[in-house]
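> Predicted structure and sequence below. I'll ask about it afterward.
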Amino acid sequence: MRGWGQSLFVVLLVTGCAPPPIDQPNPLFRPDSGVTNSGADAGSDPRVQVRTVLDGDTIILTATADAKAPDGRNLSGATVRLLGVDAPEIARPPQQPNSDCWGDESRDKARNLMQGLTVTLEFGSNDYRDVYGRLLAYVVLPDGEVANEVLIETGAARSYERFQHRYRSRYEQLERAARDRNLGVWTCP
């Protein structure tokens, strides 16, 4: 049995099921993503990792010193609001004593999807931050999927229709499909 466990660990490690360490190169880093590499040595990429998932549409990052937001601020410790996504609220007493319907499940889905992963951020327009100072971004996962889309298509969140963004029509289609299939937030009364 011991040999089987070691073999499984090696298989998981080789197939990439474990999140990559933050100091390893990110093969998905795209220079046009809006994450800058100012002052870094040639050949090194800024590292951006999801440290904490606060709720279904908000995360906190860990990043290397050379990982900068478009406004020049370091990304380490930055709070990111997923652009185009609106998740149910979770309990935050005393302001929000109870979670909204599907709030805890939405947060858990986002945690399972993103926490601990090295990601790529794509920014929308020139409005990189919301009124609370949070960065607004699309979060691209290591497999190329966009977390924003996954959360909407699985019913863990809705399309945020209050502001215009480049993928709004796509997000509205994903939302309609999730609603038609009665997934996640669409099971709430």
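Received the coordinates, thanks.
> what's the neighbour count on Gly124?
By the measure other Cβ atoms under 10 Å, the count of residues near Gly124 is 17. In short, each C-beta sits where N, CA and C put it, glycine included.
> which ones are touching it?
Residues touching Gly124, when contacts are defined by Cβ atoms under 8 Å, 6 or more residues apart in numbering, comprise 83, 136-138, 165-166.
> can you do 6 Å?
Residues near Gly124 by Cβ atoms under 6 Å, 6 or more residues apart in numbering: 83, 136, 165.
> Next one: it from Arg168, what distance?
To Arg168, Gly124 is 10 Å away according to Cβ to Cβ, to the nearest Å.
> do Ala87 as well
For Ala87, the distance to Arg168 (Cβ to Cβ) stands at 17 Å.
> more neighbours, those two?
With other Cβ under 10 Å as the criterion, Ala87 and Arg168 differ in neighbour count, and Ala87 comes out ahead with 27 against 15.
> Relative to Tyr128, how far out is that one?
Plainly put, Ala87 is 20 Å away from Tyr128 if you go by Cβ to Cβ.
> Could you do Arg51 as well?
According to Cβ to Cβ, Arg51 and Tyr128 sit 19 Å apart.
> out of everything not next to it in sequence, what's closest to the residue nearest the centre of the chain?
Nearest residue to the geometric centre of the chain (Cα atoms, centre = their mean): Val139, 4.3 Å. Setting aside the residues directly before and after it, Val139 is nearest to Ala147 in space (Cβ to Cβ, 6 or more residues apart in numbering), at 4.1 Å.
> pretty sure that neighbour contacts Met114?
Yes. With contact defined as Cβ atoms under 6 Å, Ala147 counts as touching Met114 (5.4 Å).
> Which one of these two is surrounded by more residues?
Set Ala147 next to Met114 and count neighbours by other Cβ under 10 Å: Ala147 wins out with 26 against 21.
> Could you pull up phi and psi at Gly184?
According to degrees, to the nearest 10, the main-chain angles of Gly184 amount to phi 50, psi -120.
> Ignoring the adjacent residues along the chain, who's closest to it?
Leaving out its chain neighbours, the residue that sits closest to Gly184 by Cβ to Cβ, 6+ apart is Gly155, at 2.5 Å.
> State the distance from the one you found to Asn74.
In terms of Cβ to Cβ, Gly155 sits 34 Å off from Asn74.
> The two: which has the busier surroundings?
Higher neighbour count among Gly155 and Asn74: Gly155, with 24 against 15, using other Cβ under 10 Å.
> For the more buried one, list the residues it contacts.
Residues near Gly155 by Cβ under 6 Å, 6+ apart: 178, 183-186.
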